[in-house]
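Student: The following comprises the amino acid sequence and a computationally predicted model.
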Amino acid sequence: MAFIVKTRVLNPDDKVEVSMEEFKKWLSKFDKNRDGRISADELREAIRANRGRFCKWKANRVLKSIDTNSNGFVDDGEISMLVILAQKQFGLKIVAF
C-alpha cells in the first residue's frame, strides 16, 4: 500500500489508521491542477498509487457513485463518501486524531 503516514497503527481489524487530515493531504498530492477537486483521472492515479487494479474502471465507478452534484469531480462536500469507500477498498480506518 502506498499510503505514507506518520503513524501506522493497526487496529484489531488489521487496518491502518490515518487521520482525516492525513487522508486529505495524501489525496491532494493527486490534485494536479490544484483546483481543490479530484477528477476521474486524478482519482485513477490515486488508486494506481495504492497498487490498485482496473484503475480507470474503479475511478469512474467511484466517481459515479459519490458525485452527488454530477460535476465530474470529488469536491469537499463529497469527501466523506470517498472516505467510506476508501475504508472499504484500501484497508484503511480513517479516524479523527
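Tutor: Everything's here; your move.
Student: okay but Arg37 is in contact with Leu27, surely?
Tutor: No - in this structure Arg37 lies outside contact range of Leu27 using CB atoms under 8 Å: 10.6 Å. The way it works is simple: take the backbone N, C-alpha and C, and place the C-beta from them, glycine included.
Student: okay, those two: which has more neighbours?
Tutor: Leu27 (18 against 15; other CB atoms under 10 Å).
Student: what does the model give that one for pLDDT?
Tutor: Per-residue confidence at Leu27 stands at 91 (pLDDT).
Student: and the gap between it and Asn33?
Tutor: Using CB to CB, to the nearest Å, one gets 14 Å for the distance from Leu27 to Asn33.
Student: Ok, Asn50 next?
Tutor: Relative to Asn33, and taking CB to CB, Asn50 is found at 21 Å.
Student: which of these two has more neighbours?
Tutor: Neighbour totals were compared for Asn50 and Asn33, and Asn50 leads with 16 against 8 (other CB under 10 Å).
Student: That one against Phe90, yeah?
Tutor: Yes - counting by CB under 8 Å, Asn50 touches Phe90, with 5.6 Å between them.
Student: Which of the helices or strands spans Ile94?
Tutor: Taking DSSP states H and E as the definition, Ile94 sits inside strand 92-95.
Student: quick one: buried residues of that strand?
Tutor: Residues 92, 94 are the ones in strand 92-95 that count as buried (16 or more other CB atoms under 10 Å).
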